[in-house]
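Chemist: how would this look folded up:
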Amino acid sequence: MLDYRPKMFSEASKSHASKNLFAIIICFLAVFLIIIFLESLSSAIFSSKAVLENAEIQEYIGTTQNFSLKESLKVAARVAGSPRVMIPSLFSTIFGTLAAIFYCRCVEMRPVRSMGAKKKSFFFHYFTGIAVGLTMMSLIALSSAIFGITKIKTCTNVRFGILALFLVGFIIQGMSEEFIFRGYLMTSVGGSGQHTLIAVIVSAVAFALAHTMNPGFGVLPFINLTLFGVFAAVYMIYSDNIWGVCAIHSVWNFAQGNIYGISVSGSSDTESLFRSVPVSSHAALTGGKFGIEGSLITSVVLCAATAIMLYMISKKAPSEVPAQEETSDAEV
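Modeler: Numbers count the residues shown, from 1 in each chain. Predicted coordinates:
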């Protein structure tokens, strides 16, 4: 089923970059480190004042023996969940999108459409992705409540202005991660002549490994993040378009954190319409500190969604593949 090669792989094959898989991964790591530096620098500018203020409140500053690395990390983690730090951090991820596009366009010398960024049917793909992402996260959150794993409570005094900022922030953040891991890495590997399955696995595992520093990260969160990466990859391959998975990723995170009030990949709780409170003591069911993305329910939903997409890819006529390759040569 993953013998299918989307049109964007044919367009990415015209890249001036190395076709060697090892070289592609090394270049990706270099670009990714630059992205991390730019995003971290931007976030630090907004968070440093908040960290210091919080530290002063806790009377850490001025008492050197108490201001240990452990305490510093606790303060940083606590402050990172506040809207005035988290929202700018989400906005700063725009550097990821810009860096990925710059590298593919100016270094690999290939068109942006080879990343799946196409104007045609943009609104159809994006709004379909919104529906898919919201449905998937709702299935996970509501199933968890139905089976008595969590209890969903309604929040009062919700600040809708803050929610709107989070929505915009997650739109940027979801787009950024998809441009980095699927739009750049997956298409670079796929365009190098590697089997489609290799392109999917490399991008999915890289995506999961990028979250290793998140609180609560472990074996099941790693598996589920990889599964999400595989699902996003096959969805993008089927649609031959990146905008759908950008929307899925953004709405998945926003619905998780700001609608259902669940920790997003280990992040702190923040402004939300509802609050999902764990009832079960089994981390494999609740996701533990990592949040519901580290639960078995998420595993089931992602496996089912991926199976559906693989079935849909298998139903595509084989004649579409050569037809796509011929079309790509004619496009500017």
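
Chemist: list of residues touching the host helix or strand of residue 298?
Modeler: Using DSSP states H and E, residue 298 sits in helix 296-314. Helix 296-314 has contacts (C-beta atoms under 8 Å, 6 or more residues apart in numbering) with 1-2, 4, 136, 139-140, 143-144, 147, 149, 220, 223-224, 227-228, 230-231, 234-235, 237-238, 284-285, 287, 292. C-beta: built from backbone N, CA, C; applies to glycine.

Chemist: report the buried residues of that helix.
Modeler: Across helix 296-314, burial judged by 16 or more other C-beta atoms under 10 Å covers 296-299, 301-302, 305-306, 309-310, 313.

Chemist: adding distance to residue 210 and pLDDT, write those residues out as JSON lines.
Modeler: Formatted as JSON lines, the buried residues of helix 296-314 follow (distance: C-beta to C-beta, whole Å; pLDDT from 0 to 100):
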{"residue": "296", "distance to residue 210": "22", "pLDDT": "97"}
{"residue": "297", "distance to residue 210": "23", "pLDDT": "97"}
{"residue": "298", "distance to residue 210": "18", "pLDDT": "97"}
{"residue": "299", "distance to residue 210": "19", "pLDDT": "98"}
{"residue": "301", "distance to residue 210": "21", "pLDDT": "98"}
{"residue": "302", "distance to residue 210": "17", "pLDDT": "98"}
{"residue": "305", "distance to residue 210": "21", "pLDDT": "98"}
{"residue": "306", "distance to residue 210": "20", "pLDDT": "98"}
{"residue": "309", "distance to residue 210": "22", "pLDDT": "96"}
{"residue": "310", "distance to residue 210": "24", "pLDDT": "95"}
{"residue": "313", "distance to residue 210": "25", "pLDDT": "93"}
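
Chemist: from those, pick the one nearest residue 190.
Modeler: Using C-beta to C-beta, residue 313 is the member of those that lies nearest residue 190, at 13.8 Å.

Chemist: do you know how far that closest one is from residue 236?
Modeler: Applying C-beta to C-beta, to the nearest Å, the value for residue 313 to residue 236 is 11 Å.

Chemist: which residue, other than its chain neighbours, is closest to residue 251?
Modeler: Nearest non-adjacent residue to residue 251, counting by C-beta to C-beta, 6 or more residues apart in numbering: residue 133, 3.4 Å away.

Chemist: tell me if I'm right that residue 246 and residue 129 touch.
Modeler: Yes: between residue 246 and residue 129 there is a contact under C-beta atoms under 8 Å: 6.7 Å.

Chemist: next, work out how far apart the residue lying closest to residue 111 once chain neighbours are set aside and residue 195 are.
Modeler: The shortest distance from residue 111 to any non-neighbouring residue, by C-beta to C-beta, 6+ apart, is to residue 11 (6.3 Å). Using C-beta to C-beta, one obtains 18 Å as the distance from residue 11 to residue 195.

Chemist: pLDDT weak spots in the stretch 1-150 of the chain?
Modeler: Along the stretch 1-150 of the chain, the parts satisfying pLDDT under 70 run over 1, 46-81.

Chemist: if we can go back for a sec, more neighbours: residue 246 and residue 129, which one.
Modeler: residue 246 (30 against 26; other C-beta atoms under 10 Å).
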